[in-house]
Every structure is written in C-alpha cells, then in structure tokens.
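Asker: Give me the fold of what follows.
(2 chains)
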Protein chains: 2
Amino acid sequence: MNSYPGSLQGLVEHLMKLPGVGRKTASRLAFHIVRMPGEQAEDLAAAIIEVKSRLALCSFCQNLTEYELCPICSDTSRDSHKLCVVEYPADVAAIENSGAFKGRYFVLHGILAPMQGLGPDDLRLEKLRQIVVNEKISEVVLATNPTVEGNTTALFLSRFLRPLGAHISRPACGLPVGADLEYMDSVTIRKSLDGRGPL
Amino acid sequence: MNSYPGSLQGLVEHLMKLPGVGRKTASRLAFHIVRMPGEQAEDLAAAIIEVKSRLALCSFCQNLTEYELCPICSDTSRDSHKLCVVEYPADVAAIENSGAFKGRYFVLHGILAPMQGLGPDDLRLEKLRQIVVNEKISEVVLATNPTVEGNTTALFLSRFLRPLGAHISRPACGLPVGADLEYMDSVTIRKSLDGRGPL
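Answerer: As a prediction, this is how the structure comes out:
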C-alpha cells in the first residue's frame, strides 16, 4: 500500500494497533475517517483523549470510573457483603446488564496466564484480601471466564481466599439460552448434563 | 450499557459511527484504548486530526493526496493518454498494487445508486469530460466494481464519453486466481466461460 499519502498511511498503522483490526479493516476505517465531516473526526479524536484523561480506577473495586469511588461501590443499597471477582471492566458491565448480582465487584485486570508471563503478582491479590477481611465479605463469586486460564485463576483464588472464611462460588456452566444442541461443543454439553437439575 | 462511565460511553458511541463497528466491537476497541499507553492513544487521536487536515483532493484525478497534484498525476513517466476511472481512492491503491496499469486515474468518489439518491450530479462528470478532451485521452478504462451499481455506472459513463472519441474498455470478469469452481457463484462461472480464450 505504498501509494497511500503519508498521513493516511500513518492513520492506518495506528488503527492496526487496535484489537481485531488488520491492514484491510484499518484502511477501510481510515478511508471512512477521511470522508467524515471534519467536526465528527475531531469529536472522535477528542473522545479518545478524554477517555484517557478522565478514567481512573475505583479505589475499592478497581473498575474504571471518573470518580474516586465508582457508582456501584458508592451505592449503599447494594449488598456490601457479597463480592464478585471478574477479569476485566467489560465483565462488570455484562453482569450489571444481567441484573442478577446486587453486591459489589473486584476487577483483577488480568488473569493467570503463565504462557504470557502473567502470574499472581500481576493481579491485585493483596487488595482483594484486604477487602474480603475488612468488609466482612460472606460470599465471593469467582466470575472469571470459563476458559482454561479463567478456571485456573478461579481455582487459585479459591485457595488463596479459603482461609479467610468467606463462602466461595462460581457461576454455573451449561447451555446458553437459545442454543442449538447440534452446534454446541461436547464439553459444554457434558457440563450441562453433569449440572442438570430437577424440572 | 448504562454502567459505563460517561467518557467511556462517549468514546463507544463515536467508534460506533465507523463502518462495520457495532456496539460490541466499539466497546472492545474502547476498552483497548483505555488500556493503551497514554502516548499511543494520543498518537492515534493526532493521526485522525492529521489525516483530516493534510489530505485534500488531487486537482487532476481527485484522488486523496497531501499535494496539489498527487504523485501519480505528477509522474511524467506514466502514459498520460490512458485514464482509469474508479469509484473510490482505495480502488486506485488496489490497481496500483497490481502494477497492471501505467496511465492516470480519475476518482468518481461515488457511483450511480438511485436507491440511495445518488445520481449523475453526484459524480464529477464535467471534470471527467474536460480531462478526456483536454488531455487527448485515447483509452478510458471504466474500472468501477462489477456490481449492479458499478455496471450501471460504467454503462452510463460509456454513453457519456463515447461522443468524445476515446476507446472505452472495462476490466474482464471471470474466475479469480486460486478460486475453487465448486464454491464459485454461477454468474461468475458463466462470465468466465463467455469470456474464454484460446490456450
């Protein structure tokens, strides 16, 4: 793509640093930005700068927030004795949208992934331990993803937190609602049968 | 996604204006931008501003360029009597990468699409006519896409340009190199058979 003007090539290369964006997608996005009204492109650039300057981590749950304490942690109507541990801020949003959890969260900002050199020191374990002790947490829901790394991390955390006396749980694995058994992987089907309940 | 902080939600909504970016992709990109080093995010924002401020249209071919005349149009070694008409700047880059055309280009920045309200007035027809006449163009290659709209536009342009005396051509339709006949659509197969040549 040597025939792109320099500034266009520069934008393509910056866009390629985004996840899931290869050269073709980056070119498509860049050409779209070029065709955008100038004001709209400026707004996009400003939104990128703003999100970096305004967002910080909640001093309690470590989720992204524009305040010292995020709206969830400062909501006194929530059950302060239940704690849901997730990998990333996007997971908090997903669980909040489900409306099924009314306690507070703790965001690890990572996961145990020895292959990528991520060990226990990369998670905020001491902060988590302090919260479980100081806030008299009665239940910790380990809601890391049901992947190899997520399961390993949940197992590790359950051993780490067990001595503190809180009840430790993990979301159920099974068939997603609306799934088609024909296209479901056999590990999920096995999990859903192992965990079957009365009707 | 009401649980996102305002600046994050703002970035998500700006990203959703990009083509092929829905709410999920926009969230994923936004969270990635939040995790980027600050400098890298600033570079991305600056690249967006720069591409808007530096790029303009070549006064001859209407392609995007940072100069009055783009590098292709100012290259005197190219055949100035051949003109390749394309829909968008990305098409110029694609043809240049093929190395198969050594003339100059004309970028329509659009296509006849009556369903979207795009008619002849939205193309730069008068500019195109002037170039064909003034530059004594001997061949016009109508390289709009082989789609319904692209074919219609090519047909329209051939009628528009025919009285000017230039030879008018269109790239061949047929099987793409490496294609598997089994998975090819029947219209393409028919085109490739209709256009078959001696071996």
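
Asker: how far away is residue A:110 from residue A:184?
Answerer: Residue A:110 is 29 Å from residue A:184, where distance means CB to CB, to the nearest Å. For glycine as for every other residue, the C-beta is placed from the backbone atoms N, C-alpha and C.

Asker: neighbours of residue A:121, just the number please.
Answerer: 7 (other CB atoms under 10 Å in any protein chain shown).

Asker: ditto for residue A:39
Answerer: Residue A:39 has 9 nearby residues by other CB under 10 Å.

Asker: What is the three-state secondary structure of it?
Answerer: helix (DSSP: H, G, I helix; E, B strand; the rest coil).

Asker: Could you do residue A:141 as well?
Answerer: strand.

Asker: Okay, and the beta partners of it?
Answerer: Beta-bridge pairing for residue A:141 (DSSP bridges): residue A:84, residue A:169.

Asker: Test my guess that it contacts residue A:101.
Answerer: Yes. Under the criterion of CB atoms under 8 Å, residue A:141 makes contact with residue A:101 at 7.0 Å.

Asker: shared neighbours of these two, which are they?
Answerer: Here residue A:141 and residue A:101 have A:82, A:84 as joint contacts, going by CB atoms under 8 Å, 6 or more residues apart in numbering or on different chains.

Asker: hey, where'd the strands end up in chain A?
Answerer: Ranges of strands within chain A are A:56-57, A:64-65, A:82-86, A:104-107, A:139-142, A:167-169, based on DSSP state E.

Asker: Which strands or helices does the fourth one pack on?
Answerer: Counting contacts by 3 or more CB pairs under 8 Å, 6 or more residues apart in numbering or on different chains; DSSP states H and E, strand A:104-107 is packed against strand A:82-86, helix A:89-98, helix A:125-134.

Asker: So what touches the shortest one?
Answerer: Read that as strand A:82-86. For strand A:82-86, the surrounding residues in contact (CB under 8 Å, 6+ apart) are A:92, A:95, A:101-108, A:128, A:131-132, A:135, A:137-144, A:157, A:166.

Asker: Extract the C-alpha trace of it and format it as PDB.
Answerer: Once non-C-alpha atoms are left out, strand A:82-86 reads as follows in PDB (Å, rounded to 0.1, in the frame of the first residue of the first chain):
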ATOM      1  CA  LYS A  82     -21.100 -10.100  48.500                       C
ATOM      2  CA  LEU A  83     -18.200  -9.700  46.200                       C
ATOM      3  CA  CYS A  84     -18.000 -10.700  42.500                       C
ATOM      4  CA  VAL A  85     -14.500 -11.100  41.200                       C
ATOM      5  CA  VAL A  86     -14.100 -10.600  37.400                       C
END
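
Asker: Mean confidence (pLDDT) on it, please.
Answerer: Averaged across strand A:82-86, pLDDT comes to 95.

Asker: Check stretch A:185-199 too.
Answerer: pLDDT averaged over stretch A:185-199 gives 85.

Asker: how long is that stretch end to end?
Answerer: 24 Å (CA to CA, to the nearest Å).

Asker: neighbouring contacts of that stretch?
Answerer: The list of residues contacting stretch A:185-199 from outside it, by CB under 8 Å, 6+ apart, reads A:172, A:173, A:174, A:175, A:181.

Asker: Flag every buried residue along it.
Answerer: Of the residues in stretch A:185-199, A:188, A:191, A:192 count as buried by neighbour count, 16 or more other CB atoms under 10 Å in any protein chain shown.
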